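J.: Sequence unavailable; structure follows:
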């Protein structure tokens, strides 16, 4: 038990919550970021008590996004179930993991909620050790109607335990006015590769003095996901082993980031919030990130109508790589054999599956949450143009890409691996290490943690 606890605690401490890594502002969709979408202390955001019956406690983070979404779901559920009350607790995502680790390792089930939100990349850590404490939803939820890559992230040993929620579907966001000024047209960006993007970045810098992208050099382990997942390769292989040294997608991504630094076309920062700030002040003109990053882009009112979106760049070093990629995302889990387990399952099924069009439409329009329940993506809101993107139908594009996102094995040590990459990669990017030595160090360090 001590070994299990140590393993999970290490995962918690290493996972510097990225899950999307977004600032907690309206419009982003979910998850986990260095900004941690939620304070260190928990706050209650309970739906108004409707009766004296069952009370369901829910843990989640980010008041503007996840808390707002599940509160709406609870209010809708209470219309037909007035005796069910909700105690919705806003808890920082890192604190959710700490609380889960402590409770599960000690067997203190009475300290757990009925429902918890969990980042997709962290879920395997808990399912592999403690899957028996989560309700098996395999035969309850219509998983064929959810995005396949999300179902894979919620599954362990042939069973599925989570209800997929938001998508971190990724895209290439760019300032159309700047690209057009440099002779780079929309059609030039539809089958984009990192090599092509690097050349465009050089061209833009030469003609305008603006940088192509911005990235936080202290969070490299987190920002690489939208570059890599479209290749079907990530950080852990199908056997649960580190996929580092011979991982062409990782190598290509890191080499691209270094090339942007070497050619002085990247705004390299060491504070997460400075990345969107460089976009908002106009000094940087593009980003490869998830749909939840839209809120950061839209913070600059003077750039309304100037932005456009294209598919994420495709990795060329992996055969079969696609443009559809992902960054972050989370899902809902119910604890089994508790007072309220059956009601919790009924609530999630009613809210996220049955008659859910109005719910998904509301959270798309008001919170920017792109759900991964595929039938709900036929709602009218997905076909509306976005004025900030010059009327481009960005949500219908996201809808098209989501089913194409390759599933990857997050494994038990993805969080730790991302953290090790963040520690070692700057030495490569600054020229202190070769790519071979950097990958070898990353591999060695994560294998040492796995012992």
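T.: Done, it's in. Not measured: the values here are computed from a predicted model. Residues are numbered from 1 along each chain as shown.

J.: Shouldn't residue 207 be within a strand?
T.: No. Residue 207 is assigned helix when assessed by DSSP: H, G, I helix; E, B strand; the rest coil, not a strand.

J.: can I assume it is in contact with residue 179?
T.: No. Residue 207 lies out of contact with residue 179 (C-beta atoms under 8 Å); the separation is 10.5 Å. (Glycine included, C-beta is placed from N, CA and C.)

J.: Who are the packing partners of the biggest strand by length in the chain?
T.: Ranked by residue count and defined by DSSP state E, the top strand of the chain is strand 162-175. Packing partners of strand 162-175 (3 or more C-beta pairs under 8 Å, 6 or more residues apart in numbering; DSSP states H and E): helix 148-153, helix 225-228, strand 286-290, strand 307-310, strand 326-334, helix 341-352, helix 394-401.

J.: Strands of this protein, start to end?
T.: For the chain, the strands defined by DSSP E cover 43-44, 55-60, 85-90, 115-119, 155-156, 159-160, 162-175, 213-216, 266-269, 286-290, 307-310, 326-334.

J.: What lies in contact with stretch 149-165?
T.: Residues outside stretch 149-165 that contact it (C-beta atoms under 8 Å, 6 or more residues apart in numbering) are 30, 66, 117-118, 120-121, 123-124, 127-128, 131, 134-138, 141, 143, 146-147, 167, 326, 329-333, 348-349, 352, 369, 371-373, 405-410.

J.: and with 7 Å instead?
T.: If you take C-beta atoms under 7 Å, 6 or more residues apart in numbering as the criterion, stretch 149-165 is touched by 30, 118, 120, 123-124, 127-128, 131, 134-138, 141, 143, 146-147, 326, 329-333, 348, 352, 371-372, 405-407, 410.

J.: Buried ones among those residues?
T.: Buried members of the contacts of stretch 149-165, counted by 16 or more other C-beta atoms under 10 Å: 30, 118, 120, 123-124, 127, 131, 134-135, 137, 141, 143, 146-147, 326, 329-333, 348, 352, 371-372, 405-407, 410.

J.: right, and residue 250 touches residue 229 too?
T.: No. With contact defined as C-beta atoms under 7 Å, residue 250 does not count as touching residue 229 (11.4 Å).

J.: The nearest residue to residue 310 once chain neighbours are set aside and residue 424: what is the separation?
T.: Closest residue to residue 310 apart from its sequence neighbours, by C-beta to C-beta, 6 or more residues apart in numbering: residue 189 at 4.0 Å. From residue 189 over to residue 424 the distance is 32 Å, taken as C-beta to C-beta, to the nearest Å.

J.: Tell me where the stretch 51-200 of the chain is predicted with low confidence.
T.: Scanning the stretch 51-200 of the chain for pLDDT under 70 picks out 51-52.

J.: all helices for it, in order.
T.: In the stretch 51-200 of the chain, the helices defined using DSSP state H, counting those that start in this stretch lie at 68-80, 93-106, 120-130, 148-153, 176-181, 194-208.

J.: just the stretch 351-451 of the chain next, same as before
T.: Going by DSSP H, counting those that start in this stretch, the stretch 351-451 of the chain shows helices at 357-367, 394-401, 414-429, 435-450.

J.: Quick one: those helices as JSON lines, columns for mean neighbour count and distance to residue 152 too.
T.: Putting the helices of the stretch 351-451 of the chain into JSON lines (neighbours: other C-beta atoms under 10 Å; distance: least, C-beta to C-beta, whole Å) gives the following:
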{"stretch": "helix 357-367", "mean neighbour count": "19", "distance to residue 152": "21"}
{"stretch": "helix 394-401", "mean neighbour count": "20", "distance to residue 152": "17"}
{"stretch": "helix 414-429", "mean neighbour count": "24", "distance to residue 152": "13"}
{"stretch": "helix 435-450", "mean neighbour count": "17", "distance to residue 152": "22"}
